[in-house]
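Colleague: what's the 3D shape of this:
(chains A and B, ligands or ions: 1)
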Amino acid sequence: METRSIMIVGVGGQGTLLASRILGNVFMSQGYDVKVSEVHGMSQRGGSVVTYVKYGDKVYSPVVEKGEADVIISFEQLETERWLPYLKKGGKIVTSDQRLDPMPVITGAAQYPEDIINRISALGVDVTAVDALGLAEQAGSAKAANVVLMGVVSKKLPFEESVWQAALDKCVPQKFIELNKKAFELGRGTADE
Amino acid sequence: MPMKKLMLGNEAFARGLYESGCEFVSSYPGTPSTEVTEFAAKYDEIYAEWAPNEKVAMEAALGASIAGKRSFCGMKHVGLNVAADPLYTAGYTGVGGGMVICVADDPGLHSSQNEQDSRHHAIASKVLMLEPSDSLECKNYVKKAFELSERFDTPVIVRLSTRIAHSQSIVELEEREEYISQPYEKNAAKYVMMPAFAKKRHTVVEQRLKAAAEYAEECPLNTVEYNDTDIGIITAGNCYLYAKEALGDNASYLKLGMVNPLPVKLIKDFAAKCGRLYVIEELDDIIETHCLKHGINVQGKELFGFEGEISQAIVREKLLGIRPQTISLDEIAPARPPVMCAGCPHRGLFYCLQQLGVFVSGDIGCYTLGAAAPLSAMDTTICMGASVSALHGYNKALGREAEKKSVAVIGDSTFMHSGITGLVNIAYNATNSTVIILDNSITGMTGHQQNPTTGMNLKGDPAAAVDLEALCRAVGINSVRVVDPYKMAETKAVIAEELEKEEPSVIISRRPCALLKYVKHSAPLKVDEKKCVGCKQCLKIGCPAISMSGGKSVIDHTQCVGCGICKELCRPAAIG
Ligand SMILES: Cc1ncc(C[n+]2csc(CCOP(=O)(O)OP(=O)(O)O)c2C)c(N)n1
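Modeller: Numbers count the residues shown, from 1 in each chain, chains lettered A, B, ... in the order given. Below is the predicted model:
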């Protein structure tokens, strides 16, 4: 199979690393070659962060470049806009509708763009937006927004639900597993509507 | 069937240490190298420690090697500058048990203060250097590195880049092979590097380098792959992956797994079979210069430049003329630079410095973010430790008035790394400098490593803790004060007092990092909408949890940890 590319984008501290670990485990369990590329360090301090997950028969480069992503999973609206040029023509976006003002907006040096999701849709892009934070809080913790998004994405990729469950078991610490499974189900449920 | 695992390059590197029978690890953290040592520390069979700095780490590893064990030390690219002194002479002494050094470069400056190319250190110190291109290679190259270290009697450097260190790929695990220690035998001619002995060892170094260059011709880590031979690519590390992804079977490849010393005949043979030859390497033109020196005509930096990362897209564009098709909203999205976390103890201190309008001689750590708007309270950042020593020079140059309007800021880990020597200089050579140690009880920037001030070691056991106050007094600083940066009025007053004093002083700004597990958070604060007048005073501290909505400020309850410094700025007392 030709290599497929997924990007997970968000704000440092939002839990993008767990999401990439879950995806990596899902693809590996299906016998694919996998590469996951993370950035640690400086940008984790509330900056814009991006993780790449690639799978296929043989994956070479660990990074995803402009126009290459089959799926972009975004934790925050402005980040969806920022990384949009990385989407391949015909690619899909799954995004949380959360809005986090970056420092230039807080200080008044810049304005947060309005109506991002609708404007991206209007370009003909396949965008699914969910209230990931709200659903995560419903599951028991705002921190599980990452797993809510995994639930949504699971409906867009051709793998059985049990494969995702197994990856959750592997990646999430035992004491948070119930909460995260609930978050996953809530995310997966939104895709049925 | 062998066990397979998705592993970070750094984790696989640590696995390589384990499988090689390595028993001793001493490192100093630095992105992107840190996790090698953190993962190594998880193996009971490996003794692992955080040293105060890279020079100490490398000397400790060399000592363990002389004692006969396989040893390791890891660091980021700039760390190798600090450890360059022992490195260059370790090349002369050679090793007892094998010694491997990890150096992680950061092309693209994801989290560094410069973009230097560590291959220069390998060339200058005349030691061998290997460069893996994925996690499996990280593990296997480490094993090879120990073998070569013992065969050629030299430390061997394994060079990583951010993309190798922080990418996960699939690794097949193997068993650990115990290493039989080499018994230590006194050998002054090999280990005592005074001129008479060192002169003879230099001859050994040159002979070894020649032998290693011959070995490079047949080294199994240097591999040739012939496909279409119109285009020949000479490359190493992650650049091989970019070339392979962009060009596939439409090019032939010479992948160099050993990047110092480089082969000559192998490259000439490859060149003879290919049409156009390109060198694809990030940062400096090391391979390219080597080729040109030996009359092999290649193109490289002319196309790819010396700055930043290369990628498959860049290879496609430069060699095939293909640019990506993209979709975008037709506007510039506001940037999202990193910020101090909500509740960060550094914030209050920098607000005080901004209010005082002083010259701030800065350093490296989370607190470097004090340079960013809206605090904008830092004038310089050079390298670890430079805040303290540079302040002394600044004050000597400008005299008494400057002393009253300047401070140095330095984190606890950075102070132990190389700030203390600068403080000794301030006391000894007498400037009335004011040094502020930002003691957040952890090495924050690199992801919470213990350090000599925290009272815990890398393995998680209790350890001796440096008494900062006593240490500063012992070097000759008589005025040592401690403040709580959550109490801004008091902090500002103490800084103002110390600036006035006719003697050097140290102020310890003490409050643990808000992300530490043991730190109890207060309830999130709320803005009373009726009282808020929308003056935006609370936005001046640059807290990511505070923003404006409908002319009033709002506090994000998921981020706020109740530190309360915004309360101190709120004139109508709307925050509570
Ligand atoms: C020579 C060198 N080694 C390592 C690093 C990586 N590094 C940057 S800041 C830092 C330590 C920061 O800790 P601390 O001084 O305690 O400040 P904090 O981040 O906790 O505020 C390290 C290890 C570096 N930049 N230079």
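
Colleague: And for residue 154, the neighbour number?
Modeller: Answering for chain A, as no chain was given. Counted with other CB atoms under 10 Å in any protein chain shown, residues neighbouring A:Ser154 total 22. Backbone N, C-alpha and C define where each C-beta goes, glycine included.

Colleague: my bad, the chain I had in mind was chain B
Modeller: A count of nearby residues for B:Thr154, using other CB under 10 Å, gives 26.

Colleague: Repeat that for B:Ala390.
Modeller: Close neighbours of B:Ala390, defined as other CB under 10 Å, add up to 20.

Colleague: quick one: is the helix or strand where it lies near the ligand?
Modeller: Per DSSP states H and E, B:Ala390 falls inside helix B:386-398. No. Using CB under 6 Å from any ligand atom, helix B:386-398 stays clear of the ligand, with a minimum separation of 10.1 Å.

Colleague: Could you pull out the buried residues of that helix?
Modeller: For helix B:386-398, a neighbour-count test (16 or more other CB atoms under 10 Å in any protein chain shown) marks B:Ala386, B:Ser387, B:Val388, B:Ser389, B:Ala390, B:Leu391, B:His392, B:Gly393, B:Tyr394, B:Asn395 as buried.

Colleague: per-residue confidence averaged over stretch B:46-60?
Modeller: Averaged over stretch B:46-60, pLDDT sits at 98.

Colleague: Show me what the helix holding B:Ala390 is in contact with.
Modeller: For helix B:386-398, contacts defined as CB atoms under 8 Å, 6 or more residues apart in numbering or on different chains pick out B:359, B:361-363, B:380-382, B:402-403, B:406-410, B:414-415, B:419, B:421-423, B:425-426, B:429, B:431-433, B:435.

Colleague: Are any of those buried, and if so which?
Modeller: Neighbour counting by 16+ other CB under 10 Å classes B:359, B:361-363, B:380-381, B:402-403, B:406-410, B:414-415, B:419, B:422-423, B:425-426, B:431-433, B:435 among those as buried.

Colleague: can I see the domain layout of chain B?
Modeller: Domains of chain B are assigned by automatic domain parsing as B:3-216, B:222-320, B:345-510, B:521-576.

Colleague: Now narrow the buried ones among the contacts of helix B:386-398 to whatever sits close to the ligand.
Modeller: B:Thr414.

Colleague: Now intersect the buried ones among the contacts of helix B:386-398 with the strands, please.
Modeller: Of these, the ones assigned to strands by DSSP state E are B:Phe359, B:Ser361, B:Ser406, B:Val407, B:Ala408, B:Val409, B:Ile410, B:Val435.

Colleague: Which parts of the stretch 251-400 of chain B are helices?
Modeller: B:265-273, B:286-293, B:301-304, B:312-315, B:345-356, B:386-398, B:400-403 (DSSP state H, counting those that start in this stretch).

Colleague: Likewise for chain A?
Modeller: Secondary structure of chain A by DSSP state H: the helices cover A:16-29, A:77-83, A:103-106, A:116-121, A:132-139, A:145-154, A:161-171, A:177-190.

Colleague: Mind putting these into a markdown table with mean pLDDT?
Modeller: What follows is the helices of chain A, written out as a markdown table (pLDDT from 0 to 100):
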| stretch | mean pLDDT |
| --- | --- |
| helix A:16-29 | 94 |
| helix A:77-83 | 97 |
| helix A:103-106 | 94 |
| helix A:116-121 | 98 |
| helix A:132-139 | 96 |
| helix A:145-154 | 96 |
| helix A:161-171 | 96 |
| helix A:177-190 | 96 |
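
Colleague: what's the most buried one of those?
Modeller: Mean neighbour count (mean count of other CB atoms under 10 Å in any protein chain shown) peaks for helix A:145-154 among the helices of chain A, with a mean of 27.

Colleague: Which strands or helices does it pack on?
Modeller: Counting contacts by 3 or more CB pairs under 8 Å, 6 or more residues apart in numbering or on different chains; DSSP states H and E, helix A:145-154 packs against helix A:16-29, strand A:69-74, strand A:87-96, strand A:126-130, helix A:132-139, helix A:161-171, helix A:177-190.

Colleague: mind redoing it with 6 Å?
Modeller: When contacts are defined as 3 or more CB pairs under 6 Å, 6 or more residues apart in numbering or on different chains; DSSP states H and E, helix A:145-154 sits against helix A:16-29, helix A:132-139, helix A:177-190.

Colleague: Which one, of those, ends up nearest to A:Ala166?
Modeller: Nearest to A:Ala166, of all these, is helix A:16-29, at 6.4 Å by CB to CB.

Colleague: from the middle of its chain, how far away would that closest one be?
Modeller: Averaged C-alpha coordinates place helix A:16-29 at 11 Å from its chain's average position (CA atoms, centre = their mean, to the nearest Å).

Colleague: Is that helix positioned near chain B?
Modeller: Yes. With CB under 6 Å from any CB of the partner chain as the criterion, chain B is reached by helix A:16-29 at A:Gly24, A:Met28.

Colleague: quick one: that helix to helix A:161-171, angle?
Modeller: Between helix A:16-29 and helix A:161-171, the angle comes out at 130 degrees (axes from the mean of the first three to the mean of the last three CA atoms, to 10 degrees).

Colleague: Who are the packing partners of helix A:16-29?
Modeller: Against helix A:16-29 (3+ CB pairs under 6 Å, 6+ apart) you get strand A:4-11, strand A:33-37, strand A:48-56, helix A:145-154, helix A:161-171.

Colleague: JSON lines please, covering the ones you listed and showing distance to B:Gly562.
Modeller: Formatted as JSON lines, the helices and strands packed on helix A:16-29 follow (distance: least, CB to CB, whole Å):
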{"stretch": "strand A:4-11", "distance to B:Gly562": "21"}
{"stretch": "strand A:33-37", "distance to B:Gly562": "35"}
{"stretch": "strand A:48-56", "distance to B:Gly562": "26"}
{"stretch": "helix A:145-154", "distance to B:Gly562": "22"}
{"stretch": "helix A:161-171", "distance to B:Gly562": "31"}
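
Colleague: near chain A, which residues of the stretch 1-150 of chain B?
Modeller: When proximity is defined by CB under 6 Å from any CB, the stretch 1-150 of chain B lies next to chain A at B:Leu6, B:Thr31, B:His110, B:Ser111.

Colleague: ok, of the residues you listed, which one's closest to B:Thr235?
Modeller: Using CB to CB, those come closest to B:Thr235 at B:His110, 21.1 Å.

Colleague: Give me the distance between that closest one and A:Gln98.
Modeller: B:His110 sits 24 Å away from A:Gln98, going by CB to CB, to the nearest Å.
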